[in-house]
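In: Sequence first, then the predicted structure, then my questions.
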Amino acid sequence: MELHSTQPEPMAAENAVPPEGAVPADSAVSPENTAPADSAVLPEPEPEGAPVPARPARRRGRTALVLAVAAVIGVSAGTAVGFKVQADRAPTPLPALNQPGLGYPAEPLPKGREPEPLSAAEDRQVKTDGDLRKLLLPRPKGAAKGAGGKPGGIWLNVEEYASHFQDAGGMFGDFVQRDIRRVAFVAWDQGAHKVTDIKLVQFHSGRDAMEHATGQQDYMPMSFEYSAGNDGDLLKGSGNGRYYLYPVEEEAGYLPSYRARAIFQRGDVMVDIDITDTKRISKNEIRSLAERQLERLS
């Protein structure tokens, strides 16, 4: 008689229930559940596209500073070397000073052969150092004395002369700066409206007289209220003199106004001649008057 075992048959492996606390076979080797041996915590990787920290800015200027210092040292060293080379050289002798054909005699002329000194009429400096009013043109016959007062003319101080200009204050300062010496003035009236005046303006140097004359001439071609608006004509024999005719000024209800002016310089004297009239003034009239005044100063 066969004996049958009473033990139950084992269940299939897929239906078996693992004991409590057992680790499933497929998770025992999972990397996610496997901790490193030293239990260190790894940093989480940064997500893609995260900004990269900027590198610190590079310090600039150091190279330029080094180059500048090197250039200065090079220039200084070159200058020192050049100076040393020149100092060690023998001086170059200068050519002898000679003046062949001197314009004056080597010895004074014997007595009795000296040239005659210039007369007062020939020495222009003697003329202008005297009474300057005597060099003014005389008043024509039949003309009445004008603002010049006495027939032989009068003296004007600097303030009075500056008042003849539009910018009296500025001209006064200019005359003081130029060291003006004196002013001789004469004027006369002819007919009902014609007025002529002459001013001899003397400075302490011919240069200041020339600059005052050229300063007045420079603005004459311009289109200012008191300018002639033209270059004028050269006064022969004066060197730098010119005479001008102004354009006629006409205004309703008034007589026309004509004007002529001459400006030149002779030595340390500047000459200013002015004619105004309600009738036309010819070039010949102002030119003749200027030539006669120039002759008295020559």
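Out: Yes, it's here. Computed from a predicted structure; not experimentally measured.

In: Mean pLDDT per helix and strand in the chain: which one sits at the bottom?
Out: When the helices and strands of the chain are compared on mean pLDDT, DSSP states H and E, helix 124-129 comes out lowest with a mean of 67.

In: List the contacts of whichever helix or strand comes after it.
Out: Downstream of helix 124-129, the first helix or strand assigned by DSSP states H and E is strand 144-145. Outside strand 144-145, the residues that touch it by Cβ atoms under 8 Å, 6 or more residues apart in numbering are 139, 151, 187-190. In short, each C-beta sits where N, CA and C put it, glycine included.

In: pretty sure Met220 contacts Ser227?
Out: Yes: at 5.5 Å, Met220 and Ser227 qualify as touching, with contact defined as Cβ atoms under 8 Å.

In: Neighbour count: these two, which is higher?
Out: Comparing Met220 with Ser227 by other Cβ atoms under 10 Å, the one with more neighbours is Met220, at 19 against 15.

In: Next, the contact list for the more buried one, please.
Out: The neighbourhood of Met220, defined by Cβ under 8 Å, 6+ apart, consists of 227-232, 242, 244, 261, 263.

In: and what of Gly232?
Out: 217, 220-221, 242-245.

In: any idea which of those has the most stuff around it?
Out: Neighbour max across the contacts of Gly232 (other Cβ under 10 Å) = Tyr243, 24 neighbours.

In: and Ile286, that's in a helix?
Out: Yes: applying DSSP: H, G, I helix; E, B strand; the rest coil, one finds Ile286 inside a helix.

In: how many other residues sit next to Leu235?
Out: Neighbours of Leu235 under the rule other Cβ under 10 Å: 20.

In: mind checking how far the closest residue to His193 other than its chain neighbours is from Pro247?
Out: Ranked by Cβ to Cβ, 6 or more residues apart in numbering and with sequence neighbours excluded, the top spatial neighbour of His193 is Thr278, at 4.3 Å. Thr278 sits 15 Å away from Pro247, going by Cβ to Cβ, to the nearest Å.

In: One more: Asn157?
Out: Distance from Asn157 to Pro247, counting by Cβ to Cβ: 33 Å.

In: where do the strands sit along the chain?
Out: 144-145, 154-156, 180-190, 194-203, 233-234, 242-245, 258-266, 269-277 (DSSP state E).

In: Contacts only, for Glu285.
Out: By Cβ under 8 Å, 6+ apart, the residues touching Glu285 are 260, 275.

In: Any stretches of the stretch 151-298 of the chain with poor pLDDT?
Out: When residues are selected by pLDDT under 70, those of the stretch 151-298 of the chain lie in 151.

In: if we go to 50?
Out: Residues of the stretch 151-298 of the chain meeting the criterion pLDDT under 50: none.

In: circling back to that earlier point, report the buried members of the contacts of strand 144-145.
Out: Buried residues within the contacts of strand 144-145, counting neighbours by 16 or more other Cβ atoms under 10 Å: 139, 187-190.

In: which two from those end up farthest apart in space?
Out: Ala187 and Gln190 (10.8 Å; Cβ to Cβ).
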